[in-house]
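>>> I'd like to go over a predicted model; first the sequence, then the structure.
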Amino acid sequence: MAWSLLAASPVQAGDGIAVVLSERGGAYSEFFDALNTSLAQMPGRRSVRLAGVTAPGEKLDESEVADAALVVAVGAGATRAMARLDNGPPVLSVLVPRLTFERIVGDSGRRLRPPSFSALYLDQPLSRQFNLLRHALPGRKRVAALLGPESAALLPRLRSAGNKGGFDLQVEHVSEEGEIVPALNRLLPETDVLLALPDSLAFNRNTARPILLTTYRHQRPLVGFPQAYVTAGALVAVFSTPAQMARQAAEYLRALPAGKVSLGAPQYPNHFSVVVNRNVARSLGLDVPDENSLREALERAGEAE
């Protein structure tokens, strides 16, 4: 069997919601637990079951999800597995950044799109990232961005969002990790802040330390996309936790009518948090507003992407 069946509690055929995880534990299990908690707190709870955990590179047994009205695919592995099915149920992908979701859809070789294949993106809209810069670092308009092979596709939207916000964007492209520090040494003297974007080559566990050391040496703040980057030394980040994504997924599922499921266009996170590293702010001589004020400012700005 291509996956492990974990909790096949019976559901009414055609009216249940099955959840497929990319891995056991971690953010994926945290999402599933929070989804059940959120749904339990809502009136008219829908039936949700954990259908299984994907095995990397293997095709799912379609019969395991055949009775579901909808599958919530948690993470890239589960989303890829569902994309390989020829006649699977509608799929809502969660905990996957937009570029990864679009690549999975493109690689499938089939026309996967709403109303049968959609997503709640993990990453924040670029407009929200630039609004964070505006409120956390007012007056700092020269923004550096480091783009790797994955995030290079962001460039047109990145320039558009930056222009709308009145920012001057400067970009360097890298194709291997050894190019990152030299690229930063060219970028940072001419810019005010480095905006980190999701890319498995440019920003990963191996590159985090040299990037943070280089930005600190140039006395330039790093605005990071994951909370972990702020813990490690970035100045500020806006992000959505698995529990916040589960809350949005529960709201989404609760709003779906019974019977045949029709999914709308992919959505960015509605619920998010802001975290500031006060030690970094002090070391750079920056007076950054408190986290609640920043979050409220972003909520007022809304989603413009």
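Noted; the coordinates are in hand. Numbering: from 1, shown residues only.
>>> alpha carbons only for contacts and neighbour counts from here, please
Fine.
>>> Give me the most central residue, this structure.
Closest to where the C-alpha atoms of the chain average out (Cα atoms, centre = their mean) is Leu122, at 2.0 Å.
>>> Enumerate every residue touching it.
Each residue near Leu122 by Cα atoms under 8 Å, 6 or more residues apart in numbering is listed here: Val94, Leu95, Val96, Pro97, Arg98, Ser240, Met245, Tyr268, Pro269.
>>> Now, the residues you listed that are in helices?
Arg98, Met245 (DSSP state H).
>>> Need the contacts of Leu122 in a markdown table (columns: pLDDT).
Below are the contacts of Leu122 laid out as a markdown table (pLDDT from 0 to 100):
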| residue | pLDDT |
| --- | --- |
| Val94 | 98 |
| Leu95 | 97 |
| Val96 | 96 |
| Pro97 | 94 |
| Arg98 | 94 |
| Ser240 | 96 |
| Met245 | 98 |
| Tyr268 | 97 |
| Pro269 | 96 |
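>>> what mean pLDDT does stretch 178-192 have?
Across stretch 178-192, pLDDT averages out at 97.
>>> Using neighbour counts, pick out the buried residues of that stretch.
Neighbour counts using 16 or more other Cα atoms under 10 Å place Ile180, Val181, Leu184, Leu187, Leu188, Thr191, Asp192 of stretch 178-192 among the buried residues.
>>> Repeat that for stretch 160-177.
Ala161, Gly162, Phe167, Leu169, Gln170, Val171, Glu172, His173, Val174.
>>> cool, and stretch 274-294?
So for stretch 274-294, counting by 16+ other Cα under 10 Å, buried means Val274, Val275, Val276, Asn277, Arg278, Val280, Ala281, Val288, Glu291, Leu294.
>>> what do you get for stretch 77-90?
Residues of stretch 77-90 classed as buried by neighbour count (16+ other Cα under 10 Å): Gly77, Ala78, Thr79, Arg80, Ala81, Met82, Ala83, Arg84, Gly88, Pro89, Pro90.
>>> Show me where the stretch 201-305 of the chain has its strands.
Under the criterion DSSP state E, counting those that start in this stretch, the stretch 201-305 of the chain contains strands at 222-223, 236-239, 273-276.
>>> Export those strands as JSON lines, with columns for mean pLDDT and distance to Glu23.
Listed next are those as JSON lines, based on pLDDT from 0 to 100; distance: least, Cα to Cα, whole Å:
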{"stretch": "strand 222-223", "mean pLDDT": "96", "distance to Glu23": "29"}
{"stretch": "strand 236-239", "mean pLDDT": "96", "distance to Glu23": "21"}
{"stretch": "strand 273-276", "mean pLDDT": "97", "distance to Glu23": "25"}
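>>> Out of those strands, the one nearest Val53 is which?
Closest to Val53 of those, according to Cα to Cα: strand 236-239, at 25.2 Å.
>>> Now do the closest one: everything it contacts.
If you take Cα under 8 Å, 6+ apart as the criterion, strand 236-239 is touched by 123-124, 129, 132, 136, 222-227, 229-230, 272-277.
>>> Repeat that for stretch 263-278.
90, 92, 114-125, 227, 230-231, 233-241, 244-245, 247-248, 288, 290-292, 294-295.
>>> And the residue nearest to the centre of the chain, its phi and psi?
phi -80, psi -40 (degrees, to the nearest 10).
>>> Then the one 4 residues further on?
Leu126 has phi and psi values of phi -60, psi -30 when expressed as degrees, to the nearest 10.
>>> Give me the local confidence score for the nearest residue to it once chain neighbours are set aside.
Distance criterion Cα to Cα, 6 or more residues apart in numbering; nearest residue to Leu126, sequence neighbours excluded, is Ala161 at 6.3 Å. Here, the pLDDT recorded for Ala161 equals 95.
>>> helix/strand/coil for Gln124?
coil (DSSP: H, G, I helix; E, B strand; the rest coil).
>>> That one: what's it in contact with?
Val238, Phe239, Ser240, Tyr268, Pro269.
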